[in-house]
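# Next comes the sequence, and after it the predicted model I'd like to discuss.
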Amino acid sequence: MTGYAPPIRRLIQELSRFPGIGEKTATRLAMFILHTPERDAARLAESIMEVKRKIHFCPVCFNLTEGDVCEICGDPARDREIICVVEDPDSLVAIEESGSFKGTYHVLHGVLSPADGIGPESLRLRELVERIGVNSVREVILATNPSVQGESTALLVTKLLQGKDVAVTRIAFGIPIGGDLKYVDSMTMTKAMEFRRGM
Amino acid sequence: MSRPPLKTPAFVIHFLNYGESDRIVTFFTREFGKVKGIAKGARRSRKRFSNAIEPFSHATILFSRRDENSLAVIENCDVLNHYPKIRADLARTMRASYMVELVDQFTAEGKKSAAIFQLLEGFLGLLEAGHGAEETTLFFELRLLTLSGYEPMLEQCILCGTTIDETGVTLFDTARGGIRCSKCSRGEEGCIPVSTGTVKTLLMGNGMAPDRIPRLILSENAIRESSRILRHFIRHTLGREPRSLQVLDEIKKMM
């Protein structure tokens, strides 16, 4: 990298800080930016600054938003009595893209991870409990991932909501659509049997 | 030149996501001690890793590495035990996470210890079987300290050497790593009050086979005192509080 002019070196260094981007990829990206028309580079820089200036957490569900509240919380057609709890905005987007859920969300921004020192104080749990207390919520769907961290977070939310007049449910786990039983691992199979439903 | 793949039973003691879909995983193996490796595509490939890379999972791993000091390449993992009952209980999940964190902290990479492997296997088995999470943790802590060369002196006074049967115990001296008898009990910083009964219970449990530990019934006071002295001693030995204990405290406060 020493052969590059200092501004290029600085750009490579900055791009190398992105997750999953090593020095070689950063160099390739820097070269692309260098050869791109100035207006395109300015648009990229402006997009980065716009995101930093305008995006903040929705005060209700903690999704990322540009407005006072996010589009979902601001939509009168959404069922506010059902809250789906997700780990991060990516999970929310995945559920939204399925078009299968018409309630509202609560984004925790993480999961319990004892080995990394991530405890309940680092998550948006108090805000969830306050939301249940204030609004007439009838169901909370726990849609954290089926990992040890996701499961323990779901167990913690369940404990926190114990005694409140709200149904707490967990998303189903099991055989993927189009999957083949003989290739399913034992834990998924156990969960699929556990979460079976009547026909 | 790379060597042929090695296959061994292992526990996942830590992992972190790396890049788009890889994971850097720390395993504790029966045959090679602590091994750190990269599992390429672990977050995508259910086939090669079949959900095995999860905290405290017991799995057979297939890996290769240039030498003992290089990062291993994890090629395949087959789950032996997911510990479903631990995973279904928050308190047990936290205790199991604490146990693997301690193993990570008290072991060095490449240093083989079949005894520590057996200890982890035995005590995760106790948690899975539903034995009291707090009692199980206490005896795990004490045995791990012993196997790592940090065994606290519980049989006799750390200062004058008299046995606990002669004068009884009043303090645990964290800095010196042992008990103090009633004659040597001038309070100094780092000394924690502890009763003779608690120390005797710890000694009794420490000598028992893991499968007999569930037969021991500890009073609430014994659990409280033992947990306090071991926690202080571990913090003193490591030079910091284990992260999982901080999380456990946060959870207790929130409940």
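Nice, I can see it. Quantities reported herein were computed from a predicted structural model and do not represent experimental measurements. Residues are numbered from 1 along each chain as shown, chains lettered A, B, ... in the order given.
# Identify all contacting residues around the longest helix seen in chain A.
Among all segments of chain A classified by DSSP state H, the helix with the greatest residue count is helix A:38-54. When contacts are taken as Cβ atoms under 8 Å, 6 or more residues apart in numbering or on different chains, the neighbours of helix A:38-54 outside the stretch itself are A:I33, A:E66. C-betas here are computed from N, CA, C, even on glycine.
# What is the end-to-end distance of stretch B:99-114?
Taking Cα to Cα, to the nearest Å as the measure, stretch B:99-114 stretches 16 Å from start to finish.
# Restricting the selection to alpha carbons, write the longest helix of chain A to PDB.
Once non-C-alpha atoms are left out, helix A:38-54 reads as follows in PDB (Å, rounded to 0.1, in the frame of the first residue of the first chain):
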ATOM      1  CA  GLU A  38     -17.100  12.700  -9.600                       C
ATOM      2  CA  ARG A  39     -20.900  13.100  -9.400                       C
ATOM      3  CA  ASP A  40     -21.200   9.300  -8.500                       C
ATOM      4  CA  ALA A  41     -18.500   9.600  -5.900                       C
ATOM      5  CA  ALA A  42     -20.300  12.700  -4.500                       C
ATOM      6  CA  ARG A  43     -23.600  10.800  -4.400                       C
ATOM      7  CA  LEU A  44     -22.000   8.000  -2.400                       C
ATOM      8  CA  ALA A  45     -20.400  10.400   0.100                       C
ATOM      9  CA  GLU A  46     -23.700  12.300   0.400                       C
ATOM     10  CA  SER A  47     -25.600   9.000   0.900                       C
ATOM     11  CA  ILE A  48     -23.300   8.100   3.800                       C
ATOM     12  CA  MET A  49     -23.700  11.500   5.400                       C
ATOM     13  CA  GLU A  50     -27.500  11.400   4.900                       C
ATOM     14  CA  VAL A  51     -27.700   8.100   6.700                       C
ATOM     15  CA  LYS A  52     -25.700   9.500   9.500                       C
ATOM     16  CA  ARG A  53     -27.700  12.800   9.700                       C
ATOM     17  CA  LYS A  54     -31.200  11.500   9.300                       C
END
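# Would you mind pulling up the elements that the helix or strand just after it packs against?
From helix A:38-54 onward toward the C-terminus, using DSSP states H and E, the following helix or strand is strand A:56-57. Contact partners of strand A:56-57 among helices and strands, from 3 or more Cβ pairs under 8 Å, 6 or more residues apart in numbering or on different chains; DSSP states H and E: strand A:64-65.
# Could you identify the helix or strand that succeeds the strand it packs on?
Stepping forward along the backbone from strand A:64-65, the first helix or strand reached (DSSP H and E) is helix A:71-74.
# Direction included, what does whatever helix or strand comes next after that next one pair against?
Past helix A:71-74, heading to the C-terminal end, the next element that is a helix or strand (DSSP H and E) is strand A:79-86. Using DSSP bridges, the strands paired with strand A:79-86 in its sheet are strand A:103-107 (parallel), strand A:139-142 (parallel).
# got JSON lines for these, with mean neighbour count, mean pLDDT and distance to A:L125 too?
JSON lines is the format used below for the strands paired with strand A:79-86 (neighbours: other Cβ atoms under 10 Å in any protein chain shown; pLDDT from 0 to 100; distance: least, Cβ to Cβ, whole Å):
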{"stretch": "strand A:103-107", "mean neighbour count": "23", "mean pLDDT": "97", "distance to A:L125": "9"}
{"stretch": "strand A:139-142", "mean neighbour count": "20", "mean pLDDT": "97", "distance to A:L125": "12"}
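# can you redo the ones you listed as TSV with distance to B:Q246?
Output for the strands paired with strand A:79-86, formatted as TSV (distance: least, Cβ to Cβ, whole Å):
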stretch	distance to B:Q246
strand A:103-107	24
strand A:139-142	24
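# Could you measure from B:F15 over to chain A?
B:F15 sits 8 Å away from chain A, taking Cβ to the nearest Cβ, to the nearest Å as the criterion.
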